[in-house]
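Participant: Here is a sequence together with a model predicted from it:
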Amino acid sequence: MEPSFSILNPKYKEKHSTPLTVESHETHFAGVRTQDKSPYHGLAAWMSVHDLNVSNDQISYTAIYVESGVNNKVNSIQTGWMVNPSLFGDNRTWSYGFWKGANGAGCYNTICPGFVQVSKTDLLSAPFPYPGKGQGERAVYTSILQDKITGNWWTTDVKYRGPDTHIGYWPKELFDLIANSVDMVGVTGAVRASSSGISPPMGNGLLPTEDEKASAHVKNLEILDSEFIVQESNKYNLEKVLDNNKCYGLKDGKKGISFKESILFTYGGPGGDSCGI
């Protein structure tokens, strides 16, 4: 189910290797990230999944990520869902992973050596099934967590009921800044505009409304702290990141009876030709 690329040529690498949290040319964001109490060893979050109309030279995605940066050098890992026709060869919504490590190395999924697939049934990158009648909302509940003993960064399919599925890991040897911990974790929606400056839809393509279930949304954000203890995100001062409130929106979620029932934030928007770059 992985796209097949035998050679990662420089042109392809440049087009597909910009870290999510670097506010680069033609990119827009709507999400939250930590700004205190570092270092961290990972996070987990539940993200609603949506189908979008994205052109061949656009990208739209929602992901959790871990990251550290020093002097314009960045190490990062991200995973979530993505619509990226130039990468996957279609307009479907795919799960995916991405890493950027030492000496600028890194790539999506398993296009280059790095990620170690462990699960035989739950792949790092695969298309989400189209929603069926009565299926309910689609979502991905995933994590990026550092193993305390090996230092490797694992991604896991988190289950509400039953055991979690450990998908695989990125070996710590791939990285020179996050081999021991990271300075930042976060979850966000993001888009990459076309070369003409037209930005694609984000989230479910709609601006957030009072009806949270009708908006793209994120909940159950948990953070693995400096002591490898899982903490609820409401114990942190999270920084909101919204670079364009004309084309996209970001709203705090309403508090539920419990942390598990509360939506952290809603986000998204239609994009368009006047979003800026």
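Facilitator: Nice, I can see it. Residues are numbered from 1 along each chain as shown.

Participant: Run the chain-centre distance for stretch 261-272.
Facilitator: Put simply, stretch 261-272 sits 14 Å off its chain's centre (C-alpha atoms, centre = their mean, to the nearest Å).

Participant: what mean pLDDT does it have?
Facilitator: What stretch 261-272 shows for mean pLDDT is 94.

Participant: same question, stretch 104-111
Facilitator: 94.

Participant: let's have the chain start at 764 instead
Facilitator: New numbering, starting at 764: the last item is stretch 867-874.

Participant: For that stretch, measure first residue to last.
Facilitator: End-to-end distance for stretch 867-874, by C-alpha to C-alpha, to the nearest Å: 15 Å.

Participant: For the stretch 764-913 of the chain, which segments are assigned as strands?
Facilitator: 790-797, 805-811, 822-833, 836-846, 857-863, 869-871, 879-880, 902-909 (DSSP state E, counting those that start in this stretch).

Participant: would CSV of those strands with mean neighbour count be doable?
Facilitator: Any C-beta I mention is one placed from the backbone N, CA and C, and that applies to glycine too. Output for those, formatted as CSV (neighbours: other C-beta atoms under 10 Å):
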stretch, mean neighbour count
strand 790-797, 23
strand 805-811, 24
strand 822-833, 23
strand 836-846, 23
strand 857-863, 24
strand 869-871, 23
strand 879-880, 15
strand 902-909, 22
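
Participant: Quick one: closest of those to G1035.
Facilitator: Closest approach to G1035 among these (C-beta to C-beta): strand 790-797, 10.9 Å.

Participant: Could you list the paired strands of the closest one along with their orientation?
Facilitator: Applying DSSP bridges, strand 790-797 is found paired with strand 947-955 (antiparallel), strand 1001-1005 (antiparallel).

Participant: And the average pLDDT for the longest one is what?
Facilitator: With pLDDT averaged residue by residue, strand 947-955 scores 96.

Participant: Can you redo the strands of the stretch 764-913 of the chain as a markdown table, where the extra columns are distance to K1023?
Facilitator: What follows is the strands of the stretch 764-913 of the chain, written out as a markdown table (distance: least, C-beta to C-beta, whole Å):
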| stretch | distance to K1023 |
| --- | --- |
| strand 790-797 | 18 |
| strand 805-811 | 9 |
| strand 822-833 | 17 |
| strand 836-846 | 20 |
| strand 857-863 | 22 |
| strand 869-871 | 31 |
| strand 879-880 | 30 |
| strand 902-909 | 11 |
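
Participant: So which of the ones you listed is nearest P963?
Facilitator: strand 822-833 (4.7 Å).

Participant: The residue positioned nearest the centre of the chain: what's it in contact with?
Facilitator: In the chain, the residue lying closest to the centroid (C-alpha atoms, centre = their mean) is A826, at 1.2 Å. Contact partners of A826, counting by C-beta atoms under 8 Å, 6 or more residues apart in numbering, are 783, 810, 841-845, 861, 950-951, 953.

Participant: One more: F878?
Facilitator: Counted by C-beta under 8 Å, 6+ apart, F878 has contacts 860, 862, 872, 887, 931-933.

Participant: can you redo the residues you listed as a markdown table with distance to I912?
Facilitator: A markdown table is the format used below for the contacts of F878 (distance: C-beta to C-beta, whole Å):
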| residue | distance to I912 |
| --- | --- |
| G860 | 22 |
| W862 | 20 |
| N872 | 26 |
| L887 | 22 |
| G931 | 17 |
| Y932 | 12 |
| W933 | 16 |
